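In: can't give you the sequence, but here's the structure:
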């Protein structure tokens, strides 16, 4: 169970923060030791606030299970409660925040069951997305997917987990975009934040970020063959392999016990 009396932001999060934070906000530590998200120095909208919180969740500044205290965050960002509440609703729709009646909002924790469900869909749908994308994996489409590999490699070279995972997500998103299948892309978007949250939280699964790059280079090489059976086998291995491994069971913020993957 989540202790609703815990501090909003963990002080002992070991993850290295990415320098690629959205404009208009800063991150640092207050005199009391808690992490401060910093004030927003641009036009305040629910989308702006959601962007700052989304980045803080995905780069580990706001740890899974942390309570998101409205008064604290509103004062920290220098915003009113109204756009903050709308921002929390946006993040709840994305699966990054869980709202619990009479307790408040918490950073979501990804369960083994949730990740297994996402993996089961990806294993079946991603080969189809690749099949549809194949005619467009040249020219501008090729440039887009190669750029994600280059970004992934730069993140790995810098030891920047967040940047590497961002590029990891972009690699697969580009495939769904190039499929030109709206429903497939909507499905990817529906689980992308949860998948990124898991990968960010489970950072110890990446002893060498260059392995993530190598896995995606291998996948692209197999995609380039156009062999749909080989692509399907590789997606099955890739989704359940080293870079997208099924997570250890975690306790959801509502206190229910997770199923084993």
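Out: That came in fine, so what should we check first? Because the structure is a prediction, the values reported are computed rather than measured. Numbering: from 1, shown residues only.
In: May I have the phi/psi pair for residue 219?
Out: In terms of degrees, to the nearest 10, the main-chain angles of residue 219 are phi -60, psi -40.
In: Confirm for me that it is in contact with residue 236.
Out: No: the pair residue 219 and residue 236 fails to qualify as a contact (C-beta atoms under 8 Å) at a distance of 11.5 Å. C-beta coordinates here come from the backbone N, C-alpha and C atoms, glycine included.
In: So those two - more neighbours on which side?
Out: Legend: neighbour count by other C-beta atoms under 10 Å for residue 219 and residue 236, higher for residue 219 (22 against 16).
In: roughly how far apart are that one and residue 226?
Out: Distance, residue 219 to residue 226, by C-beta to C-beta, to the nearest Å: 14 Å.
In: Do a quick rundown of the strands in the stretch 151-261 of the chain.
Out: Counting by DSSP state E, counting those that start in this stretch, the stretch 151-261 of the chain has no strands to list.
In: show me where pLDDT drops low in it?
Out: For the stretch 151-261 of the chain, the stretches with pLDDT under 70 are 202-205, 240-261.
In: coming back round to it: shared neighbours of residue 219 and residue 236, anything?
Out: When contacts are counted by C-beta atoms under 8 Å, 6 or more residues apart in numbering, the set common to residue 219 and residue 236 is empty.
In: Quick check, central residue of the chain?
Out: For the chain, the residue nearest the mean C-alpha position is residue 196 (2.0 Å; C-alpha atoms, centre = their mean).
In: pretty sure it is in contact with residue 162, am I right?
Out: No: applying C-beta under 8 Å, one finds residue 196 not in contact with residue 162, separated by 9.3 Å.
In: Now do the shared contacts for these two.
Out: residue 58.
In: In the chain, where's the longest helix?
Out: helix 112-133 (DSSP state H).
In: Tell me the backbone dihedrals of residue 180, please.
Out: phi 60, psi 30.
In: wait, doesn't it sit right on residue 132?
Out: Yes: in this structure residue 180 lies within contact range of residue 132 using C-beta under 8 Å: 6.7 Å.
In: Compare the two (neighbour count), which wins?
Out: Neighbours per residue (other C-beta under 10 Å) separate residue 180 from residue 132, with residue 132 holding more: 16 against 13.
In: Please report how far the more buried one lies from residue 185.
Out: In terms of C-beta to C-beta, residue 132 sits 11 Å off from residue 185.
In: what do you get for residue 120?
Out: Counting by C-beta to C-beta, the gap from residue 120 to residue 185 is 19 Å.
In: Tell me which of these two has more neighbours.
Out: residue 185 (17 against 12).
In: What is the burial count for the nearest residue to that one once chain neighbours are set aside?
Out: Closest residue to residue 185 apart from its sequence neighbours, by C-beta to C-beta, 6 or more residues apart in numbering: residue 176 at 4.7 Å. When counting by other C-beta under 10 Å, one arrives at 23 neighbours for residue 176.
In: And the closest residue to residue 199 other than its chain neighbours, how far from residue 151?
Out: Once flanking residues are discounted, residue 199 sits nearest to residue 165: 5.0 Å by C-beta to C-beta, 6+ apart. From residue 165 over to residue 151 the distance is 11 Å, taken as C-beta to C-beta.
In: what's the answer for residue 164, then?
Out: If you go by C-beta to C-beta, the gap between residue 164 and residue 151 works out to 8 Å.
In: Compare neighbour counts for the two and give me the winner.
Out: residue 164 (25 against 19).
In: ok, now which ones touch the more buried one?
Out: For residue 164, the contacting residues are 152, 155, 156, 206, 209, 212, 213, by C-beta under 8 Å, 6+ apart.
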